[in-house]
Every structure is written in C-alpha cells, then in structure tokens.
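> How does the following fold in three dimensions:
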Amino acid sequence: MKKTLLLLFLLPGLLACNNEDNSLRGDPNDYYRIDFYSDYEGIDYANPDLSKATLISSSYSLKTAEPAQRIASPTVEEDGIDYTVPTQTPAEGTSLSFAGWIGSYEDGSKIDTSDSEAYAVISGVKGSGVVFAYFESNPLMYSVTVKDNGKSLYSGLLPYGTDIALSPSSVQFVDGAGQNNNLPLGYTAPNYHTEGVFSHFELTLGDGEAALYEQSSYTVKEKVTIEAIYQETSKDYTVTFAKPMMVSYGEEGEESLTPIGLSSWENKRLTLAYDSSIYDEEGLVALLNEDGTKTVIVPEQLIDDGGRPFSLKGFRGQYALTDPEEVAGKAIEEDHIRYDCVLTPIYQADEIAVTFVYQDGAELIHEERYFPYGGTVTPPKSLPSISGENGETLVFTGKWKLSEETSLYPEQFNAYFEEHPLTEPLSLTAEEYVPETTVVDINGYKVGLDYDYAARGYDIASLTLDTFDPSNMYSVDLSDIQSPLPVTGVAGLYPKKNDGEPSPGNLYRNIVSIEFPTSVRSLKAEALYGMNSLSHLDLSYLTSLTTIEFNCFKNCYGLEELILPSSVAMIERNAFQYCDKLNQVQFKGVTQEQLNNKIAAFEEGWDDRGRDELDPVIPVIAVN
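Residues are numbered from 1 along each chain as shown. Have a look, this model is predicted:
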C-alpha cells in the first residue's frame, strides 16, 4: 500500500493543508470536519481525553456532496508526526502495532474505518468527529526448542507467557494457535548395553549456557531450549560358571579336556556391569552378597590318580550366536564381560621351575623355565659361545650336567624324564664346551676340524702338509685322529686359506688311498671333490656311515670302484658327477633284495654321472 492515500474527492477551494487555518471557499459550516489525533499514555478509546492527545491534522468533507465523500487520513511525510509509533507503554510480554484509526461522530456514533489498514479512508462521512491513532497489543513470540536427550522434539515460536508443563514422561503446552502439544519423553539407548533413567531438565536461556532446572513448569519469557537429561548406566550381566574342565596335552601337542567335579564353581553366578572383569581388585573371583559382603570362590588344587597337582589356569567360553551382533559367537574375555554368558573354569597341571645355568661372556646366567609337573624338560636349543683360555672360540655341545652322576644331551632328555618324572625344581649346568675349529697333527698331516652341532662331533674340513711334493702320491691314514669329540663327518679335503692366501699344496689331488675314523657318519657335499688319483676306495669299514651328500665324489675322474657299508641309507643326487670310470658301486653286507629297497629311498639321479642322457647309470652290486 502507498504511504499516502489521496482524498478521493477534493472540494474546490480545499487547501492542501487540512488544519484550522485552512481557508475554505464558502461557509465553513457547509463542511464536516474530522480531527485526527495521536494516542497517549493510558488512553481509553471508549472515552478519550483530547487534552492528552496531539492534534495531527484535520480533514473536511462537503455536507451536501452526493454521494457522501471519503476522507483520507494524514501521512507522516506531510504532517511531520509519526503517529504509527505509540506513546503508550506496552504491557509486559507484548508489543503495540499501529492498526489504523478509531473514533466517533459528534452524535456518538462510530466512525467507520473498517476498510482501512495502516492509513484510514473514512467512507461516507456523515458528520464532524474525532479519531485517534489506534494500536493493537500483540504478545511477543520467542523461539522454543524441546529436546529429549539430544533428540529434537519441537522447535517453533511460542507467545510470551506460555506455560510449559514439565514431567519425567512428557512436555506439554498450548501453542499460539491454541493447539495442545503433548511431547512424550523416553530414553533411547545408543547401544545394547546402556540404559537410562530420567534425571532432570536443563534450560538454555538465550545464547547462554545450559543450567539445571528443577521446577515442574516453565513460563516462556525469552528464547529457550529445554532438554530432558538422563542418567546413563551400563546394564548388568550375569556370568554363570559351568562344570570345571581339566586340560592336558598329547605328544603332538593336541589338547584334551576332561570334566572334573568341583562344588565351588558349578552353577555359581556373578552379576557384573558391562565390560567389567570377573576378578575383584585383589585378583579374586568373589560373589557379592546382598548384605554387601563377599564370598570368595577358592580355586582348589586338584590331585589326579598319579599324584599330579592341577591348578586353575583361567576360564573359557563363547557368546551365543543369538546374542547381540557385537559379541555373537566371539570368545569371552574374563576381564571384559559384555553380555550374559557361561564360563568354564580350566585347570592345568602345575608347572615346575627348571633352572639352566650357563655362561654369557663374563656373566653367569640363571635362566628359569617352567615345565608341567610329571612331564619332560626341553633345554635351550643353543647357547652363546665363550672364549677359551687361549682366546679360542668355544661352542656348547649340548651336554647338561644334572648331578654328579648324570649328564644329558638334548636327545636323552625325553627318555630320562619318562623314567624320572619332573616333580620338583631342578637345576642343570652347561657342562661341555669345545673349540669351534681346531687343527690336529696326525702322521705328518695337519687336519682342520670344524664342529658340527647337529652331529655333536667334528667334520674334517681340510688336509694339508707343511711340505708338499707334487710328484709324490700319498696314502693318507686319518683313522686315529685325536680330537675333543669324535669325527662324525667329512666336509672337504681342500687346503684351507689363511689370511686370504692358499695353504700350501693341492694334496688332495695326489691321494691314492685314504682312511677315515670309524666314527664318521656322513660324507658331506663335495667332501672328496677332485680326488682324481683315487681308483679304488673301500669304505665298508665305516659302519656308522649313513649319508653321502650332493656332489660328494664330483670330478673323481680316476675312481673305478667304490665299496660302501650296508649302513648307508641315503645318497643324494649327483653324488658321483663326472666319475667317468666308475664301473660299479658295491654295497657290502646286504642281499640284492635289501639293496633294491635301500636304493628306492635314495634321491633321484644319485647314480647319474651327469654327462648326458645316453650315459649309462652306475651299476650297483650287493656283496654279502
């Protein structure tokens, strides 16, 4: 709407300013006059007091006009008085807004301004009268938000003075449209293990901080957020104990469980909050009685028929597949109970402390290990090397001293403890150390020996002479080597290098015969490599020989005949590579049938000279 409404009909001679100084053409009594007044503090529109109001302007209408004329109200721009701003003080919680004009003719009848909005147009003027700026009282509206533990239930504008009823179950109020609002409250759990009980309301006034509100109602007077707060707690769950089980292990480590009767466990229960431990602060499993006292479940020690003690080692259990998906089918953790469950107490044979004493540098170590009562003992697989009196490196052979009368190698432990079951703490001391490498003199030869921990003996690793004559042929007898432990293998007869320089001579190429200690159990890879002066080699006296490894006789070009003992159980592939003259390999002390069975266990290609596919394999003969 335009801010200025013009008179629809202007009499000739009516001046632009409608006030008492206006000059009218003709007799003023020929006109009706309407005076426009402002409001004032405490105005009674039914009986207004002109002395308290301010005259804004006057408008005129010719009495004889047909049809009766209409008069427009004054404008702020033309009269300089902002009559749209009240001079009245609004009641608390309300505001005043300009709503038009209200007044009466001199005869007391009401002046009709019903077709007006902000600026009245008085239609059908029928007399002189007075009108006043009229203001309507409207309640102030405030933003109100209702939340239930963070979830919004209502957000809107409510009139000042609206009463909101607050209870643990609902929030109720009547909105500005007269609509009843009943907002039910109730805790919504974020997960399966949390529950909540109504605690209180919190109010946030304006943009301030939330504060506790303990009244049962609230009257709206400003922007407010009302939130229902709940006391959250973890749900309690029941742990039921099943019949205890005794665990034992077979030779291959397989586990078996046997039920045992213990009245202190079966069908006993604990009630625990979510994620709690079955153990109390003292590490005990204790039932809490109604009077606040505790009944501690004593984990008895069991003794089986053989006198072996068993003690509680822990608990096992699994949540049901029908339990909440967060735990369904999962193993139960004793320290984190997360749903109703059943736990089985597990007992196991008590363990006995066994102390292994050994040297590590300058420090004497006492390593304590634990083994099942009545079981066997497993020693450490290896120990640090130590220094000998002359600075040489000494290695542990695996021999442990148990007592003055008894010493054991690792392979002897099982048999010993089967006969003497472990029933009390023991101490074993590392007893035997030998040089990692050594050189011995025999019959003018220098023989290098390397310790083989697996064989628990020495390998012949080199063979040299101080003075070597390439024109000589040598028959070498090493059968009586004196070494810290028996010679169990032949690793090679190559000359050893010293400080990067070759040892003197290539003696191994000039050997026409050689004898080894009868304790030899293996001829290792390339052990007799390149001994091309050998033509006949009888090793049948090596009755402990079991293995001939890969390329053992490689490049023994002159070897024509080889006799092996019946003890040989394995010959690896290419053991005789490039032995071009080898006519046969004899096995002494076996029948042909026994030999055939033996050969079947050898690696494929053991009897291949390695030249080409047409080269025949080496013949094999059984000799009784």
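> Can you mark which positions in stretch 165-176 are buried?
For stretch 165-176, burial by neighbour count (16 or more other C-beta atoms under 10 Å) applies to 166, 170-171, 173. Just so you know, the C-beta spots here come from the backbone N, C-alpha and C atoms, and that holds for glycine as well.
> again with stretch 144-156
Neighbour count says stretch 144-156 has 144, 146-149, 153-154 buried, by 16+ other C-beta under 10 Å.
> Tell me the span between the first and last residue of that stretch.
Stretch 144-156 has its terminal residues 6 Å apart, counting by C-alpha to C-alpha, to the nearest Å.
> Likewise for stretch 448-468?
Distance across stretch 448-468, first residue to last, is 17 Å (C-alpha to C-alpha).
> Stretch 211-227 now?
Across stretch 211-227, the terminal residues are separated by 10 Å (C-alpha to C-alpha).
> could you say what helices and strands the helix or strand hosting residue 270 packs with?
Secondary structure from DSSP states H and E places residue 270 in strand 269-273. Under the contact definition 3 or more C-beta pairs under 8 Å, 6 or more residues apart in numbering; DSSP states H and E, strand 269-273 sits against strand 236-241, strand 286-288.
> Out of these, flag the one nearest residue 110.
Comparing the helices and strands packed on strand 269-273 by their distance to residue 110 (C-beta to C-beta), the top pick is strand 236-241, with 75.8 Å.
> Report the residue spans of the chain with pLDDT below the cut-off.
Filtered on pLDDT under 70, the chain yields the residue ranges 1-24, 77-79, 114-120, 250-253, 262-263, 304-306, 494-505, 612-615.
> about what we covered before: including distance to residue 466 and secondary structure, could the buried residues of stretch 165-176 go into JSON lines?
Below are these laid out as JSON lines (distance: C-beta to C-beta, whole Å; DSSP: H, G, I helix; E, B strand; the rest coil):
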{"residue": "166", "distance to residue 466": "111", "secondary structure": "strand"}
{"residue": "170", "distance to residue 466": "111", "secondary structure": "strand"}
{"residue": "171", "distance to residue 466": "110", "secondary structure": "strand"}
{"residue": "173", "distance to residue 466": "116", "secondary structure": "strand"}
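> could you redo the buried residues of stretch 144-156 as TSV and give each row distance to residue 339 and secondary structure?
As requested, the buried residues of stretch 144-156 are arranged in TSV below (distance: C-beta to C-beta, whole Å; three-state DSSP):
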residue	distance to residue 339	secondary structure
144	41	strand
146	35	strand
147	31	strand
148	27	strand
149	24	coil
153	32	strand
154	36	strand
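> Of all pairs in the residues you listed, which one spans the longest distance?
Comparing the members of the buried residues of stretch 144-156, the greatest separation, given C-beta to C-beta, is between 144 and 149, at 17.7 Å.
> thought residue 466 was touching residue 446?
Yes. In terms of C-beta atoms under 8 Å, residue 466 counts as a neighbour of residue 446; the distance is 7.1 Å.
> Closest to residue 187 out of the buried residues of stretch 165-176?
Taking C-beta to C-beta as the measure, residue 187 lies nearest residue 170 of these, at 13.5 Å.
> Please name the nearest non-neighbouring residue to that closest one.
Ranked by C-beta to C-beta, 6 or more residues apart in numbering and with sequence neighbours excluded, the top spatial neighbour of residue 170 is residue 184, at 5.2 Å.
> Over to residue 517?
The nearest residue in space to residue 517 (C-beta to C-beta, 6+ apart) is residue 487, at 4.5 Å.
> That neighbour - how many residues pack around it?
For residue 487, the tally of surrounding residues (other C-beta atoms under 10 Å) stands at 25.
> who touches it in this structure?
Applying C-beta atoms under 8 Å, 6 or more residues apart in numbering to residue 487 gives the contacts 449, 457-460, 478, 481, 516-517, 519-520.
> Torsion angles phi and psi at it?
Residue 487 has phi and psi values of phi -80, psi 120 when expressed as degrees, to the nearest 10.
> Output the helices and strands packed on strand 269-273 in TSV; the columns should cover distance to residue 32 and mean neighbour count.
Conversion of these to TSV gives the following (distance: least, C-beta to C-beta, whole Å; neighbours: other C-beta atoms under 10 Å):
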stretch	distance to residue 32	mean neighbour count
strand 236-241	88	17
strand 286-288	97	14
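> so which of the ones you listed comes closest to residue 345?
With C-beta to C-beta as the measure, strand 236-241 is the member of the helices and strands packed on strand 269-273 nearest residue 345 (6.4 Å).
> Tell me the strands beside that closest one, with direction?
Based on DSSP bridges, the pairing partners of strand 236-241 within the sheet are strand 269-273 (antiparallel), strand 341-349 (parallel).
> Quick check: the gap between residue 137 and residue 40.
When C-beta to C-beta, to the nearest Å is the yardstick, residue 137 and residue 40 sit 16 Å from each other.
> Going by distance to residue 47, which of the buried residues of stretch 165-176 wins?
So of the buried residues of stretch 165-176, ranked by how close each gets to residue 47 (C-beta to C-beta), first place is residue 173, at 37.9 Å.
> Now do the contacts for the residue most central in space within the chain.
Closest residue to the average C-alpha location of the chain: residue 326 at 14.0 Å, with C-alpha atoms, centre = their mean. Taking C-beta under 8 Å, 6+ apart as the criterion, residue 326 is in contact with 191-192, 338.
> chain center to stretch 384-394, what's the gap?
Centre-to-centre, stretch 384-394 and its host chain are 48 Å apart (C-alpha atoms, centre = their mean, to the nearest Å).
> Buried residues, it. List them.
Within stretch 384-394, the residues scored as buried using 16+ other C-beta under 10 Å are 386, 394.
> List the neighbours of that stretch that are in contact with it.
For stretch 384-394, contacts defined as C-beta under 8 Å, 6+ apart pick out 358-361, 395-396, 433-438.
> Quote the end-to-end distance of that stretch.
According to C-alpha to C-alpha, stretch 384-394 extends 9 Å from its N-terminal end residue to its C-terminal end residue.
> what's downstream of the lengthiest helix in the chain, the next helix or strand?
Across the chain, the longest stretch assigned as helix under DSSP state H is helix 592-600. Once the chain leaves helix 592-600, the next helix or strand it forms, by DSSP H and E, is strand 620-623.
> Good, wrapping up.
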